[in-house]
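how would this look folded up:
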Amino acid sequence: MTESENRRLGDLEKRMEREDPEFARSLADGRPRSPREYRRGRAWLVLAVAVGCLGFGIGIGHGLLLATGLVVAGIAGHLFDPQRRRPHGPGPDIG
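Numbering: from 1, shown residues only. You can find the predicted model right below:
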């Protein structure tokens, strides 16, 4: 490997350690676990509650329950977004 490739790999390693230290440690130990951003159990639960609220609200014709279901569905959509915990704005240049 060239010196610039080694430097870029080192920068990537530092960035990964900074963004998800638990995943970086498990990767260094040789037993990588999936990053937390791929675990979406809560998001599915919130989505199920949203669908339940929407269905029940439609069934009984209750507007407030429909609105609650829509808001909870929006929250579930936000939980499915893998970029939600990353800082906004320009990141460090690793190129």
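
where in this structure is pLDDT low?
Within the chain, the stretches with pLDDT under 70 are 32-39, 82-95.

Outline the domain layout of this protein.
The chain breaks down by automatic domain parsing into domains covering 1-37, 40-83.

Adding mean neighbour count, write these out as JSON lines.
To be clear about C-beta, it is placed using only N, CA and C from the backbone, and glycine gets the same treatment. Listed next are these as JSON lines, based on neighbours: other Cβ atoms under 10 Å:
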{"stretch": "domain 1-37", "mean neighbour count": "12"}
{"stretch": "domain 40-83", "mean neighbour count": "14"}
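
Convert the C-alpha atoms of the lengthiest helix in the chain to CSV, please.
Assignment by DSSP state H gives helix 41-60 as the longest helix of the chain. Output in CSV follows, covering the C-alpha atoms of helix 41-60 (Å, rounded to 0.1, in the frame of the first residue of the first chain):
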residue,chain,number,x,y,z
GLY,A,41,-37.1,-3.0,16.8
ARG,A,42,-38.5,0.1,18.4
ALA,A,43,-39.3,1.6,15.0
TRP,A,44,-41.3,-1.4,14.1
LEU,A,45,-43.2,-1.3,17.4
VAL,A,46,-44.0,2.4,17.0
LEU,A,47,-45.1,1.8,13.4
ALA,A,48,-47.4,-1.0,14.6
VAL,A,49,-49.0,1.4,17.1
ALA,A,50,-49.4,4.0,14.4
VAL,A,51,-51.2,1.6,12.1
GLY,A,52,-53.4,0.4,15.0
CYS,A,53,-54.3,4.0,15.8
LEU,A,54,-55.0,4.8,12.1
GLY,A,55,-57.1,1.6,11.6
PHE,A,56,-59.1,2.2,14.8
GLY,A,57,-59.6,5.8,14.1
ILE,A,58,-61.0,5.0,10.6
GLY,A,59,-63.2,2.3,12.1
ILE,A,60,-64.9,4.5,14.6
